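K.L.:
Okay, structure incoming, though there's no sequence with it:
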């Protein structure tokens, strides 16, 4: 199985496949229209097309007041990872899984590269008109233009946190620690 954010694409009609890593990077300011539609930034659309992705999955972030767009393959891997960590016969685990997978919206971009942010998602993230798309590697966050800057760490705090993280043990892709040898 590939890593989160990878997609296998045929090179030609032959059954030879290569891994395509989707890496969404940077941040882009935009606006939504009165109907709640936003243009997915061209840079991010190109990454989706390169990865062969047609659909996105949107959900409210678990920890922050923003929305997260996952390419469908990344979402499926995240969902599979969560399912493997949960016991179907544990009531709380079932509630966690149900809430995680039921609070999503499946999106397809229209011919102009737009998608609809439903009103309930706009309310959850405090989005009015100005938005900021933030590339997060294998996913894209959508922030209210006003809240995006409020959630950033101070430069000194970021420096200290990054130094501590990079000095610690290396982590696997599923965030479980690797034992140093």
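P.N.:
Nice, thanks for sending it over. As the structure is a computational prediction, the values presented were derived from the model and not from experiment. Numbering: from 1, shown residues only.

K.L.:
where in this structure is pLDDT low?
P.N.:
1-21, 148-150, 171-181 (pLDDT under 70).

K.L.:
please redo it, this time with the cut-off set to 50
P.N.:
Low-confidence segments of the chain, defined by pLDDT under 50: 1, 14-20, 175-181.

K.L.:
In it, what residue spans correspond to helices?
P.N.:
For the chain, the helices defined by DSSP state H occupy 42-50, 72-85, 91-102, 119-125, 145-150, 155-167.

K.L.:
Can I get these in TSV including distance to residue 113 and mean neighbour count?
P.N.:
All C-beta spots, glycine's among them, are computed from the backbone N, C-alpha and C. Putting the helices of the chain into TSV (distance: least, C-beta to C-beta, whole Å; neighbours: other C-beta atoms under 10 Å) gives the following:
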stretch	distance to residue 113	mean neighbour count
helix 42-50	5	15
helix 72-85	17	16
helix 91-102	27	12
helix 119-125	19	16
helix 145-150	20	14
helix 155-167	32	10
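
K.L.:
right, and those helices - which one's nearest residue 112?
P.N.:
Nearest of those to residue 112, taken as C-beta to C-beta: helix 42-50 at 10.3 Å.

K.L.:
Give me the contacts around the closest one.
P.N.:
20, 22-24, 26, 28, 40, 54, 56, 71, 109, 113, 133, 135, 140 (C-beta atoms under 8 Å, 6 or more residues apart in numbering).

K.L.:
and those, which two are the farthest apart?
P.N.:
Going by C-beta to C-beta, the pair spanning those furthest: 26 and 54, at 22.7 Å.

K.L.:
most centrally placed residue in this structure?
P.N.:
residue 139 (2.6 Å; C-alpha atoms, centre = their mean).

K.L.:
Hmm, residue 135 is touching residue 24, no?
P.N.:
Yes - using C-beta atoms under 8 Å, residue 135 is in contact with residue 24, at 3.4 Å.

K.L.:
Settle it for me: which of these two has more neighbours?
P.N.:
Comparing residue 135 with residue 24 by neighbour count (other C-beta atoms under 10 Å), the higher total belongs to residue 24, at 22 against 19.

K.L.:
Spit out the contact partners of that one.
P.N.:
Contacts of residue 24 by C-beta under 8 Å, 6+ apart are 44, 47, 135-140.

K.L.:
re the thing from before, of the contacts of helix 42-50, which belong to strands?
P.N.:
Assigned to strands by DSSP state E, the following of these qualify: 20, 28, 56, 71, 133, 135, 140.

K.L.:
Distance from stretch 127-136 to the middle of the chain?
P.N.:
Stretch 127-136 has its C-alpha centroid displaced from the chain centroid by 13 Å (C-alpha atoms, centre = their mean, to the nearest Å).
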